[in-house]
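Student: give me the fold of what follows.
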Amino acid sequence: MQYAPVLGNPATPPAAIEFARDVGFNSVIFTPMIHEGKVIGAIGAAHPGAEPFDDRQVALIKTFADQAVIAIENTRLFNETKEALERQTATAEILKVISSSPADVQPVFDAIANCANRLIGGFSTAVLRVFDDVLHLVAYTSTSGSGDEALKNAFPMAVSSPNVITEAVRTGAPVCVTDTEALPEAASLLRGVARARGFRSMLFTPLLRDGVAIGMISVTRREPGEFGSHKVELLKTFADQAVIAIENVRLFNETREALERQTATAEVLRVIGDSITDTQPVFDIIASARRGSPAPSTGGCSGSTANGFTSPAHSASIRRGWTRPGRRFRCALAGVH
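Tutor: You can find the predicted model right below:
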């Protein structure tokens, strides 16, 4: 589309006439930048004369518009590829930490906090978990001594507390705070932490397991403003990895405890099979197993020196209290009837 001349032409929009007078041109052409059938921008050219742009000039401007579309797409694809590579790298890094810490989730939380902060372009990051309906701080990136203390002093916090910090856990959905200084007076705690740590906006994303929030990740920025949808999705990815780590540790510990119980049972059964006429070795192995288990250490076998105590005084007390002449020995373990 072109207007030649601009001035004195009834077809020229009033805004274009005013602009032409201010800048000093009298002919103008606009060429759309089209990508996949949609207009994504336009290129304009103008000159001071009243004559229109000829066909050669129009074709040249269209070529520039096509080149601009190619440049825009190249930049978009490059950024998407870069972001995807960064996500894959971060995922691989966290999965490596998960595999190297099957019984301890803390290194994973630390890695997630650092990776999320770096990839989302955040100023600081915190990871929190829910225990007995209370939100606990489990990992964070440092800002300053006073800022870190302000963050730690804000927790633990009841999930039922009606504030923006717990909203993501209560609703199970991401929550964005565009400006902590614009929060109501009731949010003085969060505003105080924001001032101490030096941020103005933040994004909360819950850690969801079977639809229930078991924790939360928060990322902050120094400047106020919204977080883009791709940033929200990226933080969700980190939240999913945190849930996987928590589940892996839980399953690992449960499997280890079950294996320990099976091993102890198999050992006792083996001794029983080897000591058909003598119960003493059975009592000894049971007491030994009790000492090695996390269960209450109050086991003992009446009429023998096998018991769950290592103190000689305790052993003597057990023998005096449980030995009965003329009666059949009984194995009595506390808590087992």
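
Student: so which elements touch the helix or strand hosting residue 128?
Tutor: Assigned by DSSP states H and E, residue 128 belongs to strand 124-131. Counting contacts by 3 or more CB pairs under 8 Å, 6 or more residues apart in numbering; DSSP states H and E, strand 124-131 packs against helix 106-119, strand 134-140, strand 212-221. Using the backbone N, CA and C atoms, a C-beta is placed for each residue, glycine as well.

Student: which residues are in contact with that strand?
Tutor: Contacts to strand 124-131, defined as CB atoms under 8 Å, 6 or more residues apart in numbering, come from residues 109, 112-114, 116-117, 135-143, 147, 151, 155, 159, 169, 197, 199, 207, 213-220, 242, 246.

Student: host element of the residue nearest the centre of the chain?
Tutor: Nearest residue to the geometric centre of the chain (CA atoms, centre = their mean): residue 239, 3.2 Å. Using DSSP H and E, residue 239 falls within helix 229-274.

Student: helices or strands up against the very next helix or strand once past that helix?
Tutor: Downstream of helix 229-274, the next assigned helix or strand under DSSP H and E is helix 280-291. The contact analysis (3+ CB pairs under 8 Å, 6+ apart) places helix 280-291 against helix 229-274, strand 299-301, strand 331-333.

Student: low pLDDT regions in the protein?
Tutor: By pLDDT under 70, the low-scoring segments of the chain are 289-337.

Student: and with 50 instead?
Tutor: 293-309, 325-337 (pLDDT under 50).

Student: confirm that residue 103 sits in a helix.
Tutor: No - Residue 103 is assigned coil when assessed by DSSP: H, G, I helix; E, B strand; the rest coil, not a helix.

Student: excluding covalently adjacent residues, which one is nearest to it?
Tutor: Closest residue to residue 103 apart from its sequence neighbours, by CB to CB, 6 or more residues apart in numbering: residue 252 at 5.5 Å.

Student: where do the helices of the stretch 1-150 of the chain begin and end?
Tutor: 14-23, 55-100, 106-119, 145-153 (DSSP state H, counting those that start in this stretch).

Student: and the strand holding residue 128, which strands flank it?
Tutor: strand 134-140 (antiparallel), strand 212-221 (antiparallel) (DSSP bridges).

Student: redo those as a markdown table? Include distance to residue 27 and mean neighbour count.
Tutor: Shown next, in a markdown table, are the strands paired with strand 124-131 (distance: least, CB to CB, whole Å; neighbours: other CB atoms under 10 Å):
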| stretch | distance to residue 27 | mean neighbour count |
| --- | --- | --- |
| strand 134-140 | 61 | 18 |
| strand 212-221 | 46 | 22 |
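
Student: can you tell which of the ones you listed is closest to residue 89?
Tutor: strand 212-221 (17.9 Å; CB to CB).

Student: rewinding a little: between the strands paired with strand 124-131, which gets nearest to residue 9?
Tutor: strand 212-221 (48.7 Å).

Student: tell me which of the helices of the stretch 1-150 of the chain is the most buried.
Tutor: helix 106-119 (a mean of 20; mean count of other CB atoms under 10 Å).

Student: and that helix, what does it pack onto?
Tutor: Checked by 3+ CB pairs under 8 Å, 6+ apart, helix 106-119 has helix 55-100, strand 124-131, strand 134-140, strand 212-221, helix 229-274 packed alongside it.

Student: the strands paired with strand 124-131: which one's closest to residue 15?
Tutor: Judging these by CB to CB, what sits closest to residue 15 is strand 212-221, at 36.7 Å.

Student: pretty sure residue 227 sits against residue 175.
Tutor: No - with contacts counted by CB atoms under 8 Å, residue 227 stays clear of residue 175, the gap being 10.4 Å.

Student: intersection of neighbour lists for the two?
Tutor: Joint contacts of residue 227 and residue 175 (CB under 8 Å, 6+ apart) are residue 203.

Student: picking up where we left off before, which one of the strands paired with strand 124-131 lies closest to residue 80?
Tutor: strand 212-221 (20.5 Å).

Student: angle of that closest one against helix 106-119?
Tutor: 40 degrees (axes from the mean of the first three to the mean of the last three CA atoms, to 10 degrees).

Student: of the helices and strands packed on helix 106-119, give the one that comes closest to residue 6.
Tutor: helix 55-100 (16.1 Å).

Student: can you give the distance of that closest one from its chain's centre?
Tutor: 26 Å (CA atoms, centre = their mean, to the nearest Å).

Student: which elements pack onto it?
Tutor: Against helix 55-100 (3+ CB pairs under 8 Å, 6+ apart) you get strand 27-35, strand 38-47, helix 106-119, helix 229-274.

Student: follow-up on the earlier one: dump the helices and strands packed on strand 124-131 to TSV, plus distance to residue 88.
Tutor: Rendered in TSV, the data for the helices and strands packed on strand 124-131 read as follows (distance: least, CB to CB, whole Å):
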stretch	distance to residue 88
helix 106-119	11
strand 134-140	22
strand 212-221	19
